[in-house]
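>>> Dropping the sequence and predicted coords here.
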Amino acid sequence: MLDSISLLSLPLFLPLLSVYSSLLLFVSFLPSLCVHTHVYIPLPHWHEQEMDEELRGERQKQSKLTKRMEELQSDNLRLYEKVKFLEGYRPKGQADSTRDVEDRYGQLYSQSMNPFQAFNKAQEKEREKQLNPIERMLLMMSQFFLSNKQARIFLFVYMVILHLIVSLTLQHFASVKHDHC
């Protein structure tokens, strides 16, 4: 092609040759550009919206599950507190079938306790240590009788019987005439 072109018309074809050489250079790099196109091509707008909606839905689901988990944990802590309260009323011979649940939530419960209550309990234990042995024994007996239903019933029956015996004895001595008075 260049053979048929005269040297005088060469300046007219120089811009065309530079475009042709640029095109050849681009074509030589085309295979390497095709390999890396997935990096540079943006996602279509509708696909981006779809992904945003899906992400929003997953975040809402996660927040609902987190809220539900927190509710269940607080319910479990309240139930553990009730178990600890009712544990004092359980007869000693009963089997501890709830021990694994208590172990699981015992630590959570102790962490969630009010620090003022923990301080008050520590102060109470310190005062118990300062009691003399007789007072400590009376404290333990009163805690036992107040925390155990069968012990309270026994104590009530025992006190009623003692009152009846004392009342009957006093009535008997009041009605009997004594010679040496």
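Happy to help now that I have it.
>>> Would you report the backbone torsion angles of N148?
Note on N148: its backbone torsions stand at phi -120, psi 120 [degrees, to the nearest 10].
>>> Pull the number of nearby residues for it.
As a burial measure, the neighbour count of N148 was computed by other C-beta atoms under 10 Å and equals 17. Just so you know, the C-beta spots here come from the backbone N, C-alpha and C atoms, and that holds for glycine as well.
>>> what do you get for the one 10 residues further on?
Y158 has 10 neighbouring residues, counting by other C-beta under 10 Å.
>>> and it, what helix or strand is that in?
Taking DSSP states H and E as the definition, Y158 sits inside helix 149-175.
>>> Report all helices and strands that that helix contacts.
In terms of contact count using 3 or more C-beta pairs under 8 Å, 6 or more residues apart in numbering; DSSP states H and E, helix 149-175 is assigned the packing partners helix 133-147.
>>> Now do the helix it packs on and helix 149-175, the angle between them.
With axes from the mean of the first three to the mean of the last three C-alpha atoms, to 10 degrees as the criterion, the two stretches helix 133-147 and helix 149-175 enclose an angle of 110 degrees.
>>> Next one: P133 from L77, what distance?
Between P133 and L77 the computed distance is 37 Å (C-beta to C-beta, to the nearest Å).
>>> The two: which is more packed in?
Each of P133 and L77 had its neighbours counted (other C-beta under 10 Å), and the higher figure belongs to L77 (16 against 7).
>>> Distance check, the more buried one against H47.
Applying C-beta to C-beta, one obtains 45 Å for the distance of L77 from H47.
>>> F156 now?
F156 sits 78 Å away from H47 when distances are taken as C-beta to C-beta.
>>> for M140, same thing?
In this structure, M140 lies at 73 Å from H47, with C-beta to C-beta as the measure.
>>> likewise Y109?
When distance is defined by C-beta to C-beta, Y109 is 49 Å away from H47.
>>> same thing with I153?
Here I153 is placed at a distance of 75 Å from H47 (C-beta to C-beta).
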